[in-house]
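Colleague: Kindly return the folded structure for what I paste below:
(chains A and B)
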Amino acid sequence: MFSLRLCLIFVVLTGTAVVSRAGENPRPWSFEPLIQTETLPAVKDTSWPRSRIDHFILASMEENGFSPSAPAAPRMMLRRLHFTLTGLPPAPEDLAAFDPARVDKTIDTLLATPQYGERQARHWLDLARYTDVTASWLKSTAGSWRYRDWVVAAFNDDIPYPDFVKRQLATDLMSSTGPEDHVALGFLGLSPMYWKELQLPPEIIKTTVADEWEERIDTVGRTFLGLTLACARCHDHKTDPVSTADYYALAGVFASVKITDRPTMSEDLWKPVKKARELVAGLETQKKNLSKKKPRPADYDGQIKELDKKIATIKNATPHYNMAMANGVIEAALYVEKKDKGHGTNLNYQTGMSRDLPIQKRGNPNQTGDIVPRRFLSEFPGSNGSPRSFTKGSGRLELAEALIEDSEALFARVMVNRIWKIHFGTGLVRTPGDFGNTGEAPTHRQLLDDLAARFIANGWSIKWLHREILQSATWQQTSINPQSEQKDPENLYYSRMPRRRLDIEAWRDAMLYVSGELDLRTGGAGQDLDDSKNVRRTLYGKIHRRDLNKMLQVHDFPDPAAHHPSREETISPLQMLFALNSPLVHARASALATRFPSADRITTIYQTLFQRNPTATERELGETYSTETDPANYAALLLVSNEFLYID
Amino acid sequence: MNIPSPLSRRAALTTMGGGLGSLGMISALGADQALRPHFAPRAKRVIHLFMNGGPFGPDFFDPKPALTRYAGQRPKGSDLRTERPTGGLLEVPWKFQNHGKSGLPVSELLPLTAQHADDLCLLRSCYTDNPNHGPALLLMNNGTMTPRVPSMGAWTSYGLGSENTDLPGYVVLCPGKPVRFSILWNSAFLPSQHAGLYVNHSKTDPDDLIPWLKRKETNPQAQRKGLDLLQQLNQQHRQSRSIHDPRLEGRIEALETAYRMQFSAHDAFDIGREPEKVREIYGRSHFGNGCLLARRLAERGVRFTQVYYGNGQPWDTHSKHDEKTRKLAQDIDRPVAALLEDLKQRGMLEDTLVIWGGEFGRTPVSENGNGRDHNPHGFLMWMAGGGVRGGYAHGSSDEFGFKAQEKAMHVHDLHATILHLLGIDHERLTYRHAGRDYRLTDVHGNVAKEILA
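Modeller: Residues are numbered from 1 along each chain as shown, chains lettered A, B, ... in the order given. Modelled structure (predicted):
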């Protein structure tokens, strides 16, 4: 028996193996072309809308008996802007300089900060199941962080979204980018790898390999198309028009790539480095063997010294010896074969080759059917009327092009929905990883399509999309509206701004920021988050797929072994123990208390943390408690208070 | 809020696709409180004693005289493919005796456990899918071999909630790290509070066991005063903004829970509070401490506790199998017997399900002359208490103890049965994720009705 038999449920139910029922499933709304809105929906309150977004939102509000909330107070607006774009709070001087009539200026300023890319990258890394530590059995030069930094830079540079995607899937096959861009391949290169015990027979190993393909298809399908393509591994998709043949046509692409480190410089520069590294590895082995020798040779020290000298010479004589390596992929077709001699399995990677896969009946790699040539999904034909064939190498680049061109409407909708969700907490489609028939219908389809069409028209600029959303009257409403809260708890009509809790990254960063300790240096290798000296942004904390940092884990950080379209927000006692007792909170509190030693500390702290002055009662309570215990204890309370953690 | 069945409430909310909002609301409204099961449970909690590495059943509870008869040979049926090359059949040198009223045979390796023969329900025909530790550990814990789905403990915590809001619902004890580590107790797509709380109990001071349980610099009075001030500010904040925001209220409540947890969890995890006599009965080994901790946690309402025998995979006896097994058996015998006796004396055995076993078994044929290889084809586990039939041997393995024969019980069946004992229909405890309704047993699982008391 083999894993992921869940897929089989439908087969079991229908009692047949691979039935072509994909054709019978209706095309979901999201497969249709974008609806172009010529005339904006009419609204009664014509003074409220500020952008096209607002027309759609208000029309639906009015139709359903809602009216918009008042605009947010400037201090709340500024706080919201800063957190949503950069993941950091505003400083008191930012508030002094803030002109609520020129929100556009503030947005532009924030979009131009390096912190903007850092914040947006983290959202993407949830989708990409980013990890700093790959499986222990893989030979890797631990350059994963270069992919993370690439994503940060891509957002900061506002790379058009199709380019952003294409480079992550196939930059090595593009003529417009060079080897320095190989780090973009981390999206595939950092994929989870499952252990393959090669003493086992190939029948078993084939299943593990097929499980890996499924993981890639699941991640690619849900990230770029919001489709649960992996459901079609064992049977045609139960509800969406995706067939098993579609699945294996895509799986062939992943059967034709190998995860491996790649140099970030040209072949000419790399070749001598590769050779030198092999030589050094050989010398290192000699050293190791020597150290194991018993009894120790008489001239042991001398021999070691000699070897060290040789190593140093090679390194010095080789330009770019320490060339950065990228966690990437190369073109190589994988065949799982019985070992020639003996007992186990051989993973036969044929470099530079590609392969088409046979359909695996019921997801069983040992029961195969017809071979399916690699191609895109049948429901998304290309310009010639049939699904795009993948003929160049593995087909990664053609896959990326098909995603962008042949399923353009869906591809754009999914990304627009993600950016909307970043700013509102929920998407216009509330199942961001499922735009199929089992996903939720959009609450405002016309709006989603209008935004998607304009996203495309504006050069797929993500910064444009941020501006468009943040400048709307919809986004600038206050979150304080008990009536709307009661009438529409899920906020389906957007008649208020939802109140949002800071995620762990924003909370930790904000604590460090207000305490004056935050180290804003950008990029570089991940650092242990439990290290008390680590005062860098949480984005740069080391993510370990198998051993996730405890602070992250209890605060809803997604399991980096799989794609996560959204984080499940929970409230748990362990989170509160962290709030009450963690060294991290208390160290920030001490620094915060020391940062403002003045007599009017409480006012300054309130201004720094909450962008407002304390009331007389708050000041009195604070002073009494600070005196009774100490100012750091008092600061610790404010850092974990709801007012600090929730954005209005 | 007055909602009849929490399990269906959950299902409704998740399928309604409230997503973030709804789940957040659930946790704020008290997901940690006990939820109502599908039907009357036989067990309220589970203690899973995990012999990581994989023990060989015929060493303990499943005598196989054929191994002596054919020692060194490879008769038909003894040549099943496992992970590594193997040789002829390897004799089991231990003497067996029948014990208790039931007369279950137990070997000389476990003299104390043998005294509880009438409580044991031997599962002699378990089998799994993969002869390699990682996949087999995943299958045993998570129900599939790929590391992307929730663990059995997380499902249980999700399905039943906690009996004690001051403690986590799922705790994993190990004096070190089992292979594959935290993926074995993860919550995957379930809300993160259902992930197992991993505790390395090689230390015994509770403050070292639970993260952030205590801050040395804090004195309790000052802390309470501070918390009162914080809650006053939180209340003001809430009142100035909202009539009813379950998340703001939820965080206020959770802070109080955490405050209490500092004391209750400290108490629960402190085996130093046990009388000397009890400590002696369990023995002071890591495994003894683990069993005692498990009992303290079970007593306080933790739903699911796993005690991994040790770091890495100590039961993985590829060489010198007999020598190592003798030591391992000696190390577990006293704690296991003590746990069963203790639970019984406290009246807890009847609703606490104790499970013993590894991720797979070992081969009757030899590896390296005196070792045994991994065996997924047939292995032995046992259960006790929690509504299972004591003094009963369920199913059988072939004459060598290689392959499950009668009433073969796949890991999925084991899971279905465990959930059944907890009052959960394994087909109805589902969670919508990535377009599918996931469940612990995938599309499989039959409840082994014969083992129910």
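Colleague: CA only for contacts and neighbour counts going forward, please
Modeller: Noted.
Colleague: where does the residue of the stretch 301-450 of chain B found nearest chain A fall, helix, sheet strand or coil?
Modeller: Using Cα to the nearest Cα, B:D442 is the residue of the stretch 301-450 of chain B that sits closest to chain A, at 4.9 Å. In three-state terms, and counting by DSSP: H, G, I helix; E, B strand; the rest coil, B:D442 is coil.
Colleague: from the chain's centre, how far out does stretch B:377-395 sit?
Modeller: Here stretch B:377-395 shows a centroid-to-chain-centroid distance of 15 Å under the convention Cα atoms, centre = their mean, to the nearest Å.
Colleague: Same question for stretch A:355-366.
Modeller: 30 Å.
Colleague: In PDB, list the C-alpha atoms belonging to it.
Modeller: Provided in PDB are the C-alpha atoms of stretch A:355-366 (Å, rounded to 0.1, in the frame of the first residue of the first chain):
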ATOM      1  CA  ARG A 355      11.200  12.500 -19.600                       C
ATOM      2  CA  ASP A 356       7.500  12.000 -20.000                       C
ATOM      3  CA  LEU A 357       5.800  10.000 -17.300                       C
ATOM      4  CA  PRO A 358       3.200   7.300 -17.600                       C
ATOM      5  CA  ILE A 359       0.000   7.700 -15.700                       C
ATOM      6  CA  GLN A 360       0.300   5.900 -12.400                       C
ATOM      7  CA  LYS A 361      -2.900   4.000 -11.800                       C
ATOM      8  CA  ARG A 362      -4.500   5.000  -8.500                       C
ATOM      9  CA  GLY A 363      -1.300   6.800  -7.800                       C
ATOM     10  CA  ASN A 364       0.600   3.600  -7.700                       C
ATOM     11  CA  PRO A 365       4.000   4.000  -9.500                       C
ATOM     12  CA  ASN A 366       4.200   0.300 -10.000                       C
END
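Colleague: Can you list the buried residues in it?
Modeller: Of all the residues in stretch A:355-366, those buried under the rule 16 or more other Cα atoms under 10 Å in any protein chain shown are A:R355, A:D356, A:L357, A:P358, A:I359, A:Q360, A:K361, A:R362, A:G363, A:N364, A:P365.
Colleague: Would you agree A:S484 is in contact with A:Y493?
Modeller: No: A:S484 lies out of contact with A:Y493 (Cα atoms under 8 Å); the separation is 9.4 Å.
Colleague: shared neighbours of those two, which are they?
Modeller: Common contacts of A:S484 and A:Y493 (Cα atoms under 8 Å, 6 or more residues apart in numbering or on different chains): A:F66.
Colleague: Quick check: residues of the stretch 351-500 of chain A near chain B?
Modeller: By the rule Cα under 8 Å from any Cα of the partner chain, the part of the stretch 351-500 of chain A lying against chain B is A:426, A:430-431, A:433-434, A:438-440, A:480-482, A:485-486, A:490.
Colleague: of those residues, buried ones?
Modeller: Buried subset of those (neighbour count, 16+ other Cα under 10 Å): A:426, A:430-431, A:433-434, A:438-440, A:480-482, A:485, A:490.
Colleague: So which of those residues sit within helices?
Modeller: Using DSSP state H, A:P482, A:E485 are the members of those that sit in helices.
Colleague: Neighbours of the closest residue to A:T84 other than its chain neighbours, how many?
Modeller: Once flanking residues are discounted, A:T84 sits nearest to A:H423: 6.2 Å by Cα to Cα, 6 or more residues apart in numbering or on different chains. For A:H423, the neighbour count with other Cα atoms under 10 Å in any protein chain shown is 21.
Colleague: now swap in A:S532 and tell me
Modeller: 10.
Colleague: so it touches A:L584, yeah?
Modeller: Yes: with contact defined as Cα under 8 Å, A:S532 reaches A:L584; the gap is 7.2 Å.
Colleague: joint contacts of those two?
Modeller: With Cα under 8 Å, 6+ apart as the test, A:S532 and A:L584 reach no residue in common.
Colleague: count of residues packed around B:R273?
Modeller: Residues near B:R273, counting by other Cα under 10 Å, number 11.
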